[in-house]
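> Mind folding the following:
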Amino acid sequence: MPHFSDVQRTLSNERQEYPIKMVHAYPSVNVGWGAHTMVGNDAKALGMTNALIVTTGLKGTGIIETIQGVLKNAGVETQVFSKMTPNPKDFEVMEGVKVLSAGKFDGLISIGGGGSTDCAKAIRLVYSHDGQDVRSFEGAFKCTKPNKIPHLAINTTAGTGSEVSCFSIINHTDKMYKMALFDPNATPSKAVNDPLLQQCMPADLTGYTGMDALAHSIEAIASRLDVQAAHGHGLWAIGEIFTNLREFQANRNNDKACEQMVWAEMAAAYSFNSAGLGIIHSMAHAMGGLYDSPHGLCNAIGMINTCNFNLPAAPAKFAMMARAAGINTTGMTDIKAGEKFIEMVQELKDDLGITKTFADLGLQEKDLDGLSKFATADICSEGNPIDVGFEDMRRVFKSCM
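Just a heads-up that it's a prediction; the model follows:
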């Protein structure tokens, strides 16, 4: 048996970017048809008797009123905070903290998509740190105090994965970009994924959020962090997305496609929660901050050109994704298989009717430098398989116009 000092010497001679991997926890999740009818029990199990609901409102769906009724029947009182936008802003988070601090609340419940859950995550972090500016949590592992209250995340979109991840994305309204807050304390205490709630999504949002889930899988698998335990979740999600997203967008009452997309978006989130992301998300964060653009749509627009940019650095991983998507790669080189996979992603975009460019969302030549600067510095860029400098980012941005 070798002596440990010999092993240490061997390790010190190795060259590996991320020799120590971090696999992050995700919360307990209730998944299935009618799971929303159990949220009263979920809230009580977390110790809630009076909860602040954080949501964009979901007007016209009846979801908020229904869930409030379930909670009330279980003895949990609620108040709604809906002064937030789909891309939550820093000042909206701070306003939510004021409301939370002013009441006798013992829990937070987010109802909605990634925006609602991200806003609730940030509210809980700030509240637990006695009102500290939300901007101070930008980056990784900035929490210094434990959470004061539990957070129940009730998800209504099949794509973002925020309900099971430790990321919160908040708009910095002075510098006009999206901050990424990454900390285990941001992870919700419990999550609920009921396909009945996802069926209320409009067609365009269904396509955007589905492409968001696909971006999560692609970037987690291609990530230079190479957290191999994340590959299985991501590869399975890719197969389910290609099999079910078209049908789910075409008919939200297709129960099978709906349920499989719910499972797929969760699996994709499990993948990126530990393996990280890449410049698809860095670019989307910059676009969402400056133009308030829909996050999933930005990911869909940037996906093809960023995949082409990254393919030379991770051909074997792109070949894995090609096989997961159902492509017969027998006799192909990894590069060729990766090219076929990217073609398949383009076909999916076309079938979903996603034809917009960044220019359609407002991107102008004069904004390229600022956007490229912020995207290069975004924490997600650290996971990109290719080093990305300012000029590289600017060139990819411009190709998406």
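
> Any idea which helix or strand in the chain has the lowest mean pLDDT?
helix 4-13 (a mean of 58; mean pLDDT, DSSP states H and E).

> Who does the helix or strand just after that one pair with, and is each partner parallel or antiparallel?
Note on helix 4-13: by DSSP states H and E, the next helix or strand toward the C-terminus is strand 28-31. Strand 28-31 has the following sheet partners, assigned by DSSP bridges: strand 190-193 (parallel).

> by contact count, what packs against the very next helix or strand once past the strand it pairs with?
Next in sequence after strand 190-193, counting helices and strands by DSSP H and E, comes helix 195-198. Counting contacts by 3 or more C-beta pairs under 8 Å, 6 or more residues apart in numbering; DSSP states H and E, helix 195-198 packs against strand 151-155, helix 255-275. In this view, the C-beta of every residue, glycine as well, is placed from N, C-alpha and C.

> Can I get those in JSON lines including distance to residue 349, mean pLDDT and mean neighbour count?
Output for those, formatted as JSON lines (distance: least, C-beta to C-beta, whole Å; pLDDT from 0 to 100; neighbours: other C-beta atoms under 10 Å):
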{"stretch": "strand 151-155", "distance to residue 349": "24", "mean pLDDT": "98", "mean neighbour count": "29"}
{"stretch": "helix 255-275", "distance to residue 349": "16", "mean pLDDT": "97", "mean neighbour count": "25"}
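
> and these as a markdown table, adding distance to residue 284?
What follows is those, written out as a markdown table (distance: least, C-beta to C-beta, whole Å):
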| stretch | distance to residue 284 |
| --- | --- |
| strand 151-155 | 19 |
| helix 255-275 | 13 |
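
> Quick one, which of these gets closest to residue 356.
helix 255-275 (21.7 Å; C-beta to C-beta).

> How far away from the center of its chain is the helix or strand just after that closest one?
Next along the chain after helix 255-275, taking DSSP H and E as the criterion, comes helix 279-291. Mean C-alpha position of helix 279-291 versus that of the full chain (C-alpha atoms, centre = their mean, to the nearest Å) differs by 13 Å.

> Quick one: mean pLDDT over helix 279-291.
In this model, helix 279-291 has a mean pLDDT of 96.

> Counting by contacts, list what that helix packs against.
strand 167-172, strand 177-182, helix 203-222, helix 295-310, helix 368-377, helix 390-399.

> want to throw those into JSON lines with mean pLDDT and distance to residue 120?
Formatted as JSON lines, the helices and strands packed on helix 279-291 follow (pLDDT from 0 to 100; distance: least, C-beta to C-beta, whole Å):
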{"stretch": "strand 167-172", "mean pLDDT": "96", "distance to residue 120": "9"}
{"stretch": "strand 177-182", "mean pLDDT": "94", "distance to residue 120": "12"}
{"stretch": "helix 203-222", "mean pLDDT": "97", "distance to residue 120": "18"}
{"stretch": "helix 295-310", "mean pLDDT": "97", "distance to residue 120": "17"}
{"stretch": "helix 368-377", "mean pLDDT": "96", "distance to residue 120": "25"}
{"stretch": "helix 390-399", "mean pLDDT": "96", "distance to residue 120": "31"}
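
> Now mean neighbour count and distance to residue 111 too, for these, in TSV please.
Shown next, in TSV, are the helices and strands packed on helix 279-291 (neighbours: other C-beta atoms under 10 Å; distance: least, C-beta to C-beta, whole Å):
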stretch	mean neighbour count	distance to residue 111
strand 167-172	25	16
strand 177-182	24	20
helix 203-222	27	16
helix 295-310	24	18
helix 368-377	19	30
helix 390-399	17	34
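
> The stretch 1-150 of the chain: strands as residue ranges?
28-31, 50-54, 77-81, 107-112, 139-140 (DSSP state E, counting those that start in this stretch).

> if you compare these, which one is most tucked away?
strand 107-112 (a mean of 29; mean count of other C-beta atoms under 10 Å).

> Go ahead and name everything in contact with that one.
39, 43, 46-56, 58, 63-64, 67, 71, 76, 78, 100, 116-117, 119-121, 123-124, 149-157, 163, 188 (C-beta atoms under 8 Å, 6 or more residues apart in numbering).
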